[in-house]
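Novice: Next input, structure requested:
(4 chains)
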Number of protein chains: 4
Amino acid sequence: MDIKRALIVGTGPGISASFARGLAARGVDLMLSARNTDKIADLAAETKAKTVACDAGDPASVAAMFDAVDTEMGGLDLVLYNPSARARGPVTELDPADVETVLRISAFGGFLVTQQAAKRMLAQGHGAIFYTGASASVKGYPNSSSFAMGKFALRGLAQSMARELSPKNIHVAHFVIDGGVRSESRKEPEGKPDSFLDPDAIAQTYLAVLDQPRNAWTWEVELRPFVENF
Amino acid sequence: MDIKRALIVGTGPGISASFARGLAARGVDLMLSARNTDKIADLAAETKAKTVACDAGDPASVAAMFDAVDTEMGGLDLVLYNPSARARGPVTELDPADVETVLRISAFGGFLVTQQAAKRMLAQGHGAIFYTGASASVKGYPNSSSFAMGKFALRGLAQSMARELSPKNIHVAHFVIDGGVRSESRKEPEGKPDSFLDPDAIAQTYLAVLDQPRNAWTWEVELRPFVENF
Amino acid sequence: MDIKRALIVGTGPGISASFARGLAARGVDLMLSARNTDKIADLAAETKAKTVACDAGDPASVAAMFDAVDTEMGGLDLVLYNPSARARGPVTELDPADVETVLRISAFGGFLVTQQAAKRMLAQGHGAIFYTGASASVKGYPNSSSFAMGKFALRGLAQSMARELSPKNIHVAHFVIDGGVRSESRKEPEGKPDSFLDPDAIAQTYLAVLDQPRNAWTWEVELRPFVENF
Amino acid sequence: MDIKRALIVGTGPGISASFARGLAARGVDLMLSARNTDKIADLAAETKAKTVACDAGDPASVAAMFDAVDTEMGGLDLVLYNPSARARGPVTELDPADVETVLRISAFGGFLVTQQAAKRMLAQGHGAIFYTGASASVKGYPNSSSFAMGKFALRGLAQSMARELSPKNIHVAHFVIDGGVRSESRKEPEGKPDSFLDPDAIAQTYLAVLDQPRNAWTWEVELRPFVENF
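Specialist: Numbers count the residues shown, from 1 in each chain, chains lettered A, B, ... in the order given. You can find the predicted model right below:
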């Protein structure tokens, strides 16, 4: 599929940044969204990307983001929904307002973005919608109920979209990031290289799925480090 | 497990009514909740149940319902979370406000009720929390994205709770109702008996799971009519 | 479903014995098979069951067992396939002959028994075919490849049979015994009651599934002790 | 991972041929096995591959094939297990001997090849073991019980191997080919391009998985045409 313009929703320093760099290296025109665009200014400069502030769980904010997509890129061929929120702890100790936020950011925002993207992609007859999942997308862990709710819901959306939109030439794919991702705050222990997921390595698989011809599409891929006990 | 007091959230004329009758036949003290308690007055009379109005997706309303549980039954040993909402149609045609409602009723309310129930059950050292799922709990269908989101999320909650609460002597079970349930508006075609799920038959399995000793607990059961193509 | 005659294949001292006792208590006419019928003589006496020697992985032996079923019980309404074999160890250290045996006993024998049972049940228009699975039915563990192969295969058979035979009024059910079962050689640690699966408790659920009306059938149930980390 | 020598077991004109071409284009030294090597002579010439006759379900034949691998390539870095057999029809009409063959070719041969490959790969400290699955790997269809048994079993092996061998630097991956593959005898209907899976497109994903760094490995990928109703 010919991908010229991409929107990354919920851009941070990890998977989404690596994916942005990979797309930029292919000459894809990019728009990066974040709640606070200051934090992604360097990445935007590096990838020659536009930026837009967006609260992914807010319908008006998402609509405004897509207006920017239309105005500044003339539409889009690819969107990645990357945001998530979580509230940890025993179910009895969670604040309901926090759980509501988790559902809003992890799942409802996924719907909002999908809806806007699908309108445009159906009209043009092609597109790709990617979702970043987690171990919690397929396994409900103790003391992590809100995250399981949000990530299970996003996977339900992705699976429903795969069945609804794939036959209309929109590639829907959900990535189960099944392990810890290496970051500034999560460094690998001495002598144990490759024991965390690497954002660049993850992005490589996002790009490989993007390259799949439509006569052999994947809707879900899980990724984990070789040492992961799964 | 000794079940003396039960709360059924989201009582309607189908599965929940059959379950209520089954519990009443065992002498269980019942409280039935519904958005509009007028609709369950007959069932309440039949099962000698108390009733309480509740909007299951609203924290204050759920808290008030549990106050009634405490005051009128002195606590609870079992709760069934039964409500769900859906909004059908292609993703591009759904009203975001409806999707938000689906998530609130199908999933967030499940959290609210679980939290209140868990507090009481952990304190007393035993209990059972049941959830009514659907085909959409495990399969995302086209044109049914919001329902998939809500039901996947509820299943994520249930699985997380099974892992978190079972070791604390609370039996958590999720029922995948995988087919159409017979009702006033969904009657079986001539000459095709048993082609829909029967509410009484479903309730029989809810009761069988409730009867499981804790050294052989099920956390998930699917149910379908014998002719179902699954 | 009216169950008058049952065959239990691969009878041992655990689940199958408890299930036999449960059926006998309901007045079901029983035939118990084992490789060595001496070991099940006491159980047969207790449950007033006939016995038959059978190597479940051998076509001729299975055919002979069903001849005995026909002659001595005039057919059957229920069969439980319970045998399994395993060969533990790293894949590099397994003896291929042992792996062949694991597949023959755990899976091929399941096919042989299903085929013979289905012929009789289809002719009479009803029946139930149950399979005993394990954690390894749904999760392939390290150093347990042969067992995973055998148990996955048996589950594939059961799922295929559920789809093929259920619409013909034959109830097919597969039980995932997800944890250690208490036995003479596996006793619970001091102060940790109910930390293993109990054969009687498991059999209780087998019987509950057998009691399901055909308008609410389960094809798979998992069972684990309340403390199981799953 | 540096892949210099590869063995493809069960080479035919479809997926395996496309994968062989893709590997050859990268300069990988190839050995192709088939029951009858005459049928793969052209492909061998095209890909500069060695060939070896092998009955994948026979321990001696598999051992001889690996002797050839050692002698002619000095070992291997990658193996694809591709063979499968099936016997269609209602369970009551299958010939038990055919079912035994299905299990032997689809599953037992996978064990034999894995065992031989693992010995060599563990000794050298790296390698990749790939398995070709089918829709039947994850769904048991009616009238296809033997195929479900064989393919479920192979998946159980693959999952067990992923857990056992991945931490030892051997990449294990299982591909669920979820749809019909285009071939000489299965041509796409007029006006419906891309309605079947394409062998080259499938092979592209096999290669992409082979290229994954070990800090982001996939153990299972499903592939289907964009129009597939799944």
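Novice: Not counting residues beside it along the chain, what's closest to the residue nearest the centre of chain A?
Specialist: Against the mean C-alpha coordinate of chain A, by CA atoms, centre = their mean, the closest residue is A:Asn82 at 2.5 Å. Sequence neighbours aside, A:Gly10 is the residue nearest to A:Asn82 in space, at 3.9 Å (criterion: CB to CB, 6 or more residues apart in numbering or on different chains). (Each C-beta comes from the backbone N, C-alpha and C, glycine too.)
Novice: From B:Ala17, how far out is the one you found?
Specialist: Here the criterion is CB to CB, to the nearest Å. By it, A:Gly10 lies 43 Å from B:Ala17.
Novice: got it, and A:Leu23?
Specialist: Counting by CB to CB, the separation of A:Leu23 from B:Ala17 is 54 Å.
Novice: for A:Thr37, same thing?
Specialist: In this structure, A:Thr37 and B:Ala17 are 53 Å apart, going by CB to CB.
Novice: neighbour-wise, which of the two wins?
Specialist: Looking at A:Thr37 and B:Ala17 with other CB atoms under 10 Å in any protein chain shown, you find the greater number of neighbours at B:Ala17, namely 22 against 16.
Novice: give me phi/psi at the more buried one?
Specialist: Dihedral angles phi and psi of B:Ala17 (degrees, to the nearest 10) take the values phi -70, psi -40.
Novice: Now do the residue nearest to it when sequence neighbours are not counted against chain D, distance only.
Specialist: With sequence-adjacent residues excluded and distances taken as CB to CB, 6+ apart, B:Ala17 is closest to B:Leu43, at 5.3 Å. Separation of B:Leu43 from chain D (CB to the nearest CB, to the nearest Å): 40 Å.
Novice: again, but for A:Gly75
Specialist: With CB to the nearest CB as the criterion, A:Gly75 and chain D are 21 Å apart.
Novice: got a list of what that residue touches?
Specialist: With contacts defined as CB atoms under 8 Å, 6 or more residues apart in numbering or on different chains, A:Gly75 is in contact with A:Arg5, A:Val69, A:Arg120, A:Gln124.
Novice: can you pull the buried residues of the host helix or strand of A:Thr71?
Specialist: For A:Thr71, the host element (DSSP states H and E) is helix A:59-73. By 16 or more other CB atoms under 10 Å in any protein chain shown, the buried positions in helix A:59-73 come out as A:Pro59, A:Ser61, A:Val62, A:Met65, A:Phe66, A:Ala68, A:Val69, A:Met73.
Novice: Tell me the pLDDT of the fifth one.
Specialist: If you check A:Phe66, the pLDDT there is 98.
Novice: What sits closest to it if chain neighbours are left out?
Specialist: A:Gln116 (4.3 Å).
Novice: for the one you found, what are its contacts?
Specialist: Under the criterion of CB under 8 Å, 6+ apart, the neighbours of A:Gln116 are A:Val62, A:Ala63, A:Met65, A:Phe66.
Novice: how much space between the residue sitting furthest away from the middle of chain A and D:Val221?
Specialist: Most distant from the centre of chain A: A:Gly191, at 31.0 Å, with distances by CA atoms, centre = their mean. With distances taken as CB to CB, A:Gly191 is found 31 Å from D:Val221.
Novice: for A:Asp29, same thing?
Specialist: In this view, A:Asp29 and D:Val221 are 29 Å apart by CB to CB.
Novice: can you give me how far the host helix or strand of A:Met149 is from the chain middle?
Specialist: Using DSSP H and E, A:Met149 sits in helix A:145-165. Remark: helix A:145-165 is offset 12 Å from the chain centroid, using CA atoms, centre = their mean, to the nearest Å.
Novice: Likewise for stretch A:109-126?
Specialist: Put simply, stretch A:109-126 sits 14 Å off its chain's centre (CA atoms, centre = their mean).
Novice: Buried ones in it, by neighbour count?
Specialist: In stretch A:109-126, residues buried by neighbour count (16+ other CB under 10 Å) are A:109-118, A:120-122, A:126.
Novice: can you give me the mean pLDDT across that stretch?
Specialist: Per-residue pLDDT values over stretch A:109-126 give a mean of 98.
Novice: Quick one: classify A:Ala173 as helix, strand or coil.
Specialist: With DSSP: H, G, I helix; E, B strand; the rest coil as the basis, the three-state label of A:Ala173 is strand.
Novice: how near is it to chain C?
Specialist: Taken as CB to the nearest CB, the span from A:Ala173 to chain C is 25 Å.
Novice: contacting residues for that residue?
Specialist: In this structure, A:Ala173 makes contact with A:Ala128, A:Ile129, A:Phe130, A:Tyr131, A:Ala158, A:Ala162, A:Val209, A:Trp217, A:Thr218, A:Trp219, A:Glu220, A:Val221, judged by CB under 8 Å, 6+ apart.
Novice: related to what we said a few turns ago, so the residue farthest from the centre of chain A sits in a helix?
Specialist: No. Under the criterion used here (three-state DSSP), A:Gly191 is coil, not part of a helix.
Novice: Helices - which of the contacts of A:Gly75 land there?
Specialist: Judged by DSSP state H, these include A:Val69, A:Arg120, A:Gln124 as members of helices.
Novice: Tell me the one of these nearest chain B?
Specialist: Of all the ones in helices among the contacts of A:Gly75, chain B sits closest to A:Arg120, with 9.7 Å by CB to the nearest CB.
Novice: Identify the residue nearest the closest one in space, chain neighbours excluded?
Specialist: A:Gly75 (5.5 Å).
Novice: element containing the one you found?
Specialist: Here A:Gly75 is covered by no helix or strand, with elements defined by DSSP H and E.
Novice: Tell me the pLDDT of it.
Specialist: If you check A:Gly75, the pLDDT there is 98.
Novice: cool, A:Met1 as well?
Specialist: Predicted confidence (pLDDT) at A:Met1: the value is 82.
Novice: same check, this time on A:Asn229
Specialist: Taken from the predicted model, the pLDDT recorded for A:Asn229 is 88.
Novice: and it, what element?
Specialist: Going by DSSP H and E, A:Asn229 is not part of any helix or strand.
Novice: check contacts around it.
Specialist: Contacts of A:Asn229 by CB under 8 Å, 6+ apart are D:Arg163, D:Pro167.
Novice: and it, how far is that from D:Ile8?
Specialist: As judged by CB to CB, A:Asn229 and D:Ile8 stand 31 Å apart.
Novice: And the strands in chain A?
Specialist: For chain A, the strands defined by DSSP state E occupy A:5-9, A:29-34, A:50-53, A:78-81, A:127-134, A:170-177, A:220-223.
Novice: Point out the other elements, helices or strands, that the second one touches.
Specialist: Contact partners of strand A:29-34 among helices and strands, from 3 or more CB pairs under 8 Å, 6 or more residues apart in numbering or on different chains; DSSP states H and E: strand A:5-9, helix A:15-25, helix A:41-47, strand A:50-53, helix A:59-73.
Novice: sorry, back to before: tell me how many other residues surround the residue nearest to A:Asn82.
Specialist: The tally of other residues near A:Gly10 (other CB under 10 Å) stands at 24.
Novice: Who are the contact partners of it?
Specialist: Contacts of A:Gly10 were listed using CB under 8 Å, 6+ apart, and they are A:Ser16, A:Ser33, A:Ala34, A:Ala56, A:Tyr81, A:Asn82, A:Pro83, A:Ser84, A:Gly109.
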